[in-house]
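S.K.: Sequence and predicted structure are below.
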There are 2 protein chains.
Amino acid sequence: MSALPADPARMSARAARDAIRAGRLGAAELAEACRARAEARADIRAWTVLDPQPPLPGTAEGALAGLPVGVKDIIATSGMATEYGSPIHAGHVPAADAACVAALRMAGGAVMGKTKTTEFAAYTPTDTRNPHDPAHTPGGSSSGSAAAVADFHVPLAIGTQTAGSVIRPAAFCGVVGYKPSFGTIDTAGTMPFSASLDTLGVFARDVTDAALFAGALAGWEAPGAVTPAPPERVRIVRAPAWDLAEPEMIAAVEAAAARFADAGVPVEEAALPDDFEALVELQDRIQVFEGRRALAWERMTHPELLSPGLRGHFERIAGLPFAEYRAARAAQRDWQTRIAAMISPGEVWLTASAPGAAPRGLEATGDPVFCRAWTLLHMPCVGLPAGTGASGLPLGVQIIAAQGADADGLAAAAWLEERLG
Amino acid sequence: MSALPADPARMSARAARDAIRAGRLGAAELAEACRARAEARADIRAWTVLDPQPPLPGTAEGALAGLPVGVKDIIATSGMATEYGSPIHAGHVPAADAACVAALRMAGGAVMGKTKTTEFAAYTPTDTRNPHDPAHTPGGSSSGSAAAVADFHVPLAIGTQTAGSVIRPAAFCGVVGYKPSFGTIDTAGTMPFSASLDTLGVFARDVTDAALFAGALAGWEAPGAVTPAPPERVRIVRAPAWDLAEPEMIAAVEAAAARFADAGVPVEEAALPDDFEALVELQDRIQVFEGRRALAWERMTHPELLSPGLRGHFERIAGLPFAEYRAARAAQRDWQTRIAAMISPGEVWLTASAPGAAPRGLEATGDPVFCRAWTLLHMPCVGLPAGTGASGLPLGVQIIAAQGADADGLAAAAWLEERLG
């Protein structure tokens, strides 16, 4: 029997679960260690609600048995306030859990509390700080989930990505973020912003934990069954908007590519068409048009309680003809077909998770530009830490696989993680 | 100034709106006429809540100015019970409107009440009766919406379709049903069942009213601007499962085709691939797998309050490997691409809305088999009345257009309606 680490809050999800199953650690003991850590680090401002729930009876053999989990505050939790990062919904307490929350409970996981989100998981920041340097943003929109996992408040947390809201904060906080293929985890009970883009994802401190968690939420039979393996081929993507990549970020991507090349994996530059650059604007157009429609009730009843930033985005899209929205959706589908034909089975793509490390300041969450295209394309992305920049803050790279080929992306990311870690 | 009909409840949406705008009819007067009709016909059991709301101030120039609307009870209405056709959610009163409800209020429409739905808009019927013969089903799942429009309780009502829940009840009740291209009307605030299939749609008593209403919900600039026009080509679809079509239904489809042919429109039989038959099972597989996940909280907390029928569907899908669900979604996308290549601009397809007229009995809502493929393919469908069967109940045919080519389908349906009417 291996010794437990001094602080259960620092255990991996798998190690903690296995210790709980073996009777070496109590679920309540783990939850208390996590709560103590979160309370000691309250200045990170990761949580809107911190109120550890017990696991459901009869779930001790579940994939997440005894694990405390953070839930982004746009996701409904029965009997626990769910406010979407907006004063419009202050005090809202859902009667029912979101589908993914019920799934985690049925797998033996336990809700630790609600993590802070930007307003409606969109643009306007919350006050969460980066655990590596509180003067820097943790990224967003899943700000609290990324910070809570990075800072050892919980081993696992749920986030969502519509532009870059899982992969970017994971990179800025130095943890693993996994945005599965669109639709992998059901969105029922999650506050919608953009029906064509909103994707549930997860944060963990390693790739296998992320796969374990996402699998339990999605309903895989063997969640977490990731065997680290090199891909058949790696293509380095320097698009779109690659001129925004900072030199230290480019170096981190190239260093990751070198790990693959050193092991004999063919590494090439991706030859994407010139008009691939247009995907940034295409993603933005769909996101803002759909977000404006989804928040119709909030616009109608409480326009003054929407942030000026969000109102500004809605105002700039309000004149978009409906036919242009339809055309944007058709272009999204066409691009999905076109890119699917460019990526072969077993192949993964490698790019930066963000232009650089977390920017200084809490008034913005950083640029999602290197995530927008992949969210639009519904392709799975696994972000993982790849060293630190000159500021001492983490840098992140992401592995991208073909739509539905999540297993390829997870295996390659787990393999790379062993070599970057 | 034209005279009003004796009963404002029998006016078309356009006529009523124009009369209200011109000061010839009061919105309250119209709502009262509708309420009186609904109360006189309470034995149809179309409503869970009948409680006419006033239009919002300042919306008298809106596209729906003064029109009372029925809202299917899986769609959130602020301050009005929304129970999803399930005892699990009895007494649930949302704080916020669904996006489509806010949209209709901003367009000047007014919620008349909530219309009955099958359990979670799925299989298990509610007790709504067919207004043409109360011993027959109105179809489902949008049972109350179809019956309420057919029976002159409201000029317009919202429904949803995951298999055949707009087009089938529209046909059985003898009204127009319009299921737009997937995603045309935002689903925020609508209880999800199957994220890849759930499509908001509308009921009206003519095609132009349906387009007016759907356009206002979706955010078209000129909702209802339908010019009846013959299509460039019509293909008759006798698939999948065409052996289920009753002779009188086949005759109605062929009679509709003859109207096009008589006007010189090229009419052909569609040459669909043999494996098109597989779309029925593919749609079912996705619907049940996703529905089981979306209702995770209900399964976890109140399994005994799910109907035995719904539990049976969930039990038969529970063993489906996740990889097979992913494969089904990939097949759905492949079929969308494949069929899109088979329908040219300006062309529409013509088929039956259901195997025949509404079956006798309220213990089932009829077979959605002639709708499943089109919902799966995300193609717009306009169902319209096409005579009556031997039972004296309505028959319905549907016009199908390419994904996103809703205007083609509406124009052709409006043209056909003039000739069938």
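M.R.: Nice, thanks for sending it over.
S.K.: Tell me how many other residues surround the nearest residue to A:Ile167 once chain neighbours are set aside.
M.R.: Nearest non-adjacent residue to A:Ile167, counting by C-beta to C-beta, 6 or more residues apart in numbering or on different chains: A:Gly383, 4.1 Å away. Quick note: C-beta positions are derived from backbone N, CA and C, even for glycine. With neighbours defined by other C-beta atoms under 10 Å in any protein chain shown, the count for A:Gly383 comes to 31.
S.K.: got it, and A:Gly85?
M.R.: There are 26 residues near A:Gly85, going by other C-beta under 10 Å.
S.K.: Roughly how far does it sit from chain B?
M.R.: From A:Gly85 over to chain B the distance is 15 Å, taken as C-beta to the nearest C-beta, to the nearest Å.
S.K.: Which residue, neighbours along the chain excluded, lies closest to that residue?
M.R.: A:Thr117 (4.2 Å).
S.K.: pretty sure the one you found is touching A:Gly70, no?
M.R.: No: using C-beta atoms under 8 Å as the test, A:Thr117 is too far from A:Gly70 to be in contact (11.1 Å).
S.K.: Which strand or helix spans the residue nearest to A:Glu324 when sequence neighbours are not counted?
M.R.: Spatial nearest neighbour of A:Glu324, chain neighbours left out: A:Arg285 (7.7 Å); criterion: C-beta to C-beta, 6+ apart. Here A:Arg285 sits within helix A:279-294, counting by DSSP states H and E.
S.K.: List the buried residues for that helix?
M.R.: A:279-280, A:282-294 (16 or more other C-beta atoms under 10 Å in any protein chain shown).
S.K.: for whichever helix or strand comes after it, which positions count as buried?
M.R.: Downstream of helix A:279-294, the first helix or strand assigned by DSSP H and E is helix A:296-301. In terms of neighbour count (16+ other C-beta under 10 Å), helix A:296-301 has its buried residues at A:Ala296, A:Trp297, A:Glu298, A:Arg299, A:Met300, A:Thr301.
S.K.: Provide a list of residues in contact with A:Gln403.
M.R.: Going by C-beta atoms under 8 Å, 6 or more residues apart in numbering or on different chains, A:Gln403 touches A:Ser181, A:Phe182, A:Gln336, A:Ala340, A:Leu377, A:His378, A:Met379, A:Pro380, B:Ala330.
S.K.: redo that, cut-off 6 Å
M.R.: Residues in contact with A:Gln403, defined by C-beta atoms under 6 Å, 6 or more residues apart in numbering or on different chains, are A:Ser181, A:His378, A:Met379.
S.K.: what does the helix or strand where A:Trp415 lies contact?
M.R.: In this assignment (DSSP H and E), A:Trp415 forms part of helix A:406-420. If you take C-beta under 6 Å, 6+ apart as the criterion, helix A:406-420 is touched by A:180-181, A:207, A:211, A:226, A:228-231, A:259, A:346, A:348, A:380, A:382, A:384, A:386, A:399, A:401.
S.K.: hang on, A:Met249 packs against A:Ala352?
M.R.: Yes: between A:Met249 and A:Ala352 there is a contact at 4.9 Å, judged by C-beta atoms under 6 Å.
S.K.: Looking only at neighbour counts, state which of these two leads.
M.R.: Higher neighbour count among A:Met249 and A:Ala352: A:Ala352, with 29 against 24, using other C-beta under 10 Å.
S.K.: Is that one bridged to anything, and to what?
M.R.: A:Val397 (DSSP bridges).
S.K.: are any of the contacts of A:Gln403 buried, and which?
M.R.: For these, buried by 16+ other C-beta under 10 Å: A:Ser181, A:His378, A:Met379.
S.K.: Would you mind giving those as JSON lines with pLDDT and distance to chain B added?
M.R.: What follows is the buried ones among the contacts of A:Gln403, written out as JSON lines (pLDDT from 0 to 100; distance: C-beta to the nearest C-beta, whole Å):
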{"residue": "A:Ser181", "pLDDT": "98", "distance to chain B": "8"}
{"residue": "A:His378", "pLDDT": "98", "distance to chain B": "9"}
{"residue": "A:Met379", "pLDDT": "98", "distance to chain B": "13"}
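S.K.: Closest one of the residues you listed to B:Gly139?
M.R.: A:His378 (33.4 Å; C-beta to C-beta).
S.K.: Okay, A:Thr199 and A:Thr162: tell me how far apart.
M.R.: Between A:Thr199 and A:Thr162 the computed distance is 7 Å (C-beta to C-beta, to the nearest Å).
S.K.: Neighbour count: the two, which is higher?
M.R.: A:Thr162 (28 against 25).
S.K.: State the distance from the nearest residue to A:Pro266 once chain neighbours are set aside to A:Ala99.
M.R.: Leaving out its chain neighbours, the residue that sits closest to A:Pro266 by C-beta to C-beta, 6+ apart is A:Arg233, at 4.8 Å. Separation of A:Arg233 from A:Ala99 (C-beta to C-beta) stands at 36 Å.
S.K.: Kind regards, and thank you for your time.
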